[in-house]
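**Q** Sequence isn't available, so here's the structure alone:
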């Protein structure tokens, strides 16, 4: 056959089966006897047949594509989560189409329409743009990661436990004042529990604390500029106190660490820093950062498990009615490094 694309007609002629039988081999092999399956399989090898996956998509409408929507990639958590999701291909064999959504609801709706045009079989959403009610209205398998998810399945870290671990460590290390640096997280978002646990733990132990919830910016440079303001305020307000700073993620923690070192030329005893996520930047920082490990690999795999369950259900001859949303919470792990005692 040379390098010519082998067709169903070629295979039928070679095996003396009908094209209908060859089609059944690819789409419903169990409908053929084992002897006939083996004959066709040998013929494919002898003819040098290569799968035409596009033809398979057109034939059965199953693209083997999963969509992913992330809000940005300058926060190291999202880039690491994306890395771990892509790594699941080895086990699940789904390919991914990825959009970064940071310009509002209309843009994200356009992205979802584009993904649906590619016949995605499921969607993983990390952005906070559209409500879970709106996402559920698309009637496709969807799993959310670390976002509001009343109407769709989700996976999140146990944010309360993680913040409790971080705050308790700073208290044990005898910090005089504790500060939590974060965006002003809405209460319905899972990450709000980091704020809640920080306040609860400080209050329970009667430890002076401050919330700095004015982080803002649409780029790494914007965030760094805002973090510089936050650092200067903390440094000037508490010059003679040991400051325990718990930051909402490792990107913020690394920014804060760099600002401390830029001013003092070292990491002084007057500071302790704890991040959140255990994204690569925490270990790669100029001084490795103590952090709360979200077990990002476990979250990614759990999200794919939930999504595959929904997608497999859709492929059944008699699928169950829309499955009730499933919500999984993953335990965090305190990882002590050099920014705490």
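**A** Cool, got the structure. As the structure is a computational prediction, the values presented were derived from the model and not from experiment.

**Q** Tell me how many other residues surround the spatially closest residue to residue 290 that is not a sequence neighbour.
**A** Excluding the flanking residues, the one nearest residue 290 by CB to CB, 6 or more residues apart in numbering is residue 340, at 4.3 Å. (C-beta placed from N, C-alpha, C; glycine too.) Neighbours of residue 340 under the rule other CB atoms under 10 Å: 20.

**Q** What are the boundaries of the strands in this protein?
**A** 65-70, 95-100, 122-125, 142-145, 153-157, 177-181, 209-212, 243-247, 271-277, 290-293, 327-330, 333-335 (DSSP state E).

**Q** Could I get the average pLDDT for the third one?
**A** For strand 122-125, the mean pLDDT works out to 97.

**Q** What lies in contact with it?
**A** For strand 122-125, the external contacting residues (CB atoms under 8 Å, 6 or more residues apart in numbering) are 66-69, 85, 94, 112, 115, 135, 138, 140-145, 147, 152, 303-304, 307-308, 310-311.

**Q** How about the first one?
**A** For strand 65-70, the external contacting residues (CB under 8 Å, 6+ apart) are 78, 81-82, 85, 94-101, 108, 111-112, 115, 118-127, 307.

**Q** how about the strands of the chain, which one is nearest residue 235?
**A** strand 243-247 (8.1 Å; CB to CB).

**Q** Adjacent strands (with direction) for that closest one?
**A** Looking at strand 243-247 with DSSP bridges, its partner strands are strand 177-181 (parallel), strand 271-277 (parallel).

**Q** Just name the most buried of those strands.
**A** strand 271-277 (a mean of 27; mean count of other CB atoms under 10 Å).

**Q** quick one: that one to chain centroid distance?
**A** 21 Å (CA atoms, centre = their mean, to the nearest Å).

**Q** could you give the angle of it to strand 153-157?
**A** Between strand 271-277 and strand 153-157, the angle comes out at 160 degrees (axes from the mean of the first three to the mean of the last three CA atoms, to 10 degrees).

**Q** Average pLDDT for strand 271-277, rounded please.
**A** pLDDT averaged over strand 271-277 gives 98.

**Q** which outside residues touch that strand?
**A** Here strand 271-277 has contacts from 76-77, 80, 162-163, 166, 169-170, 173, 175, 194, 242-250, 252-254, 256-257, 260, 282, 289-294, 296, 339-341, using CB under 8 Å, 6+ apart.

**Q** Give the PyMOL command for selecting the buried subset of those.
**A** Applying 16 or more other CB atoms under 10 Å to the contacts of strand 271-277 leaves a buried subset, and the PyMOL line that selects it is:
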select buried, resi 76+77+80+162+163+166+169+170+175+194+242+243+244+245+246+247+248+249+250+252+253+254+256+257+260+282+289+290+291+292+293+294+296+339+340
